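Student: okay, sequence plus prediction incoming.
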Amino acid sequence: MEFFTGMPVWFSAFVGCAVGSVIPIIHTELLVLGIVTLAPGKHGLPLVLIATTGTMVGKTILYFGGRGLLRLKFRQREKIDRMVAHAEKRRGLTGSVLFASAASGFPPFYIVTVASGILKLSLVTFLTLGFVGRFLRFAAVVYAPQLVRGLTP
């Protein structure tokens, strides 16, 4: 029964992360951190999975925009073009950069996502590396406060 009473929270987390991954002024990590402060610890893993899935849904829209399958205007076009030019010279590092970006946010995952589409990186590769990287990032956001709490006297 408890699962259904939390559905608005889970739905909000999913939608907030999906929208926040497309509109960069919405900070998905703060959204997740806010939710985890209200939710008991046993809901950490579902929150990480929901946030990761929501984020990757939004990033897939950006990826398809980079592929040219959707007409999107990107405000950071110069940065995206520089990243694409840099990545084309170093094709072997594309997956590593994608994973590092998804996990750490550096270089910005928004730009890396669009560049991945422009470079026609495999959708399966994009989704796999992006999902694992984002999962680790959100897991750190959800579980780091518990670790800090455990270290304080």
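Tutor: All right, it came through fine.
Student: alpha carbons only for contacts and neighbour counts from here, please
Tutor: OK.
Student: and the gap between A51 and G68?
Tutor: Separation of A51 from G68 (Cα to Cα, to the nearest Å) stands at 26 Å.
Student: could you dump the host helix or strand of V114 to CSV, C-alpha only?
Tutor: Assigned by DSSP states H and E, V114 belongs to helix 109-118. Extracted in CSV, the C-alpha atoms of helix 109-118 (Å, rounded to 0.1, in the frame of the first residue of the first chain):
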residue,chain,number,x,y,z
PHE,A,109,26.6,15.8,-20.3
TYR,A,110,24.2,18.0,-22.2
ILE,A,111,26.9,18.9,-24.8
VAL,A,112,28.3,15.4,-24.9
THR,A,113,24.8,14.0,-25.5
VAL,A,114,24.2,16.3,-28.5
ALA,A,115,27.7,15.6,-29.8
SER,A,116,27.1,11.8,-29.5
GLY,A,117,24.1,12.2,-31.8
ILE,A,118,26.0,14.4,-34.3
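Student: what about the helix or strand following it, average pLDDT?
Tutor: Toward the C-terminus, helix 109-118 is succeeded by helix 123-151 as the next helix or strand (DSSP H and E). Regarding helix 123-151, the rounded mean pLDDT is 89.
Student: number of residues surrounding L38?
Tutor: Neighbour count for L38, taken as other Cα atoms under 10 Å: 9.
Student: meant to ask about F138
Tutor: Counted with other Cα under 10 Å, F138 comes out at 24.
Student: let me see the contact set for it.
Tutor: Neighbour list for F138: 29, 32, 48, 51-52 [criterion: Cα atoms under 8 Å, 6 or more residues apart in numbering].
Student: try 6 Å
Tutor: F138 is in contact with V48, counting by Cα atoms under 6 Å, 6 or more residues apart in numbering.
Student: I'd like the next helix or strand past the helix or strand containing E78.
Tutor: Element membership of E78 [criterion: DSSP H and E] is helix 77-89. Using DSSP H and E, the helix or strand that follows helix 77-89 towards the C-terminus is helix 94-104.
Student: report the separation between Q146 and K42.
Tutor: Using Cα to Cα, we find Q146 at a distance of 12 Å from K42.
Student: if we can go back for a sec, out of A51 and G68, which sits in the more crowded spot?
Tutor: For A51 versus G68, neighbours defined as other Cα under 10 Å are more numerous around A51 (29 against 14).
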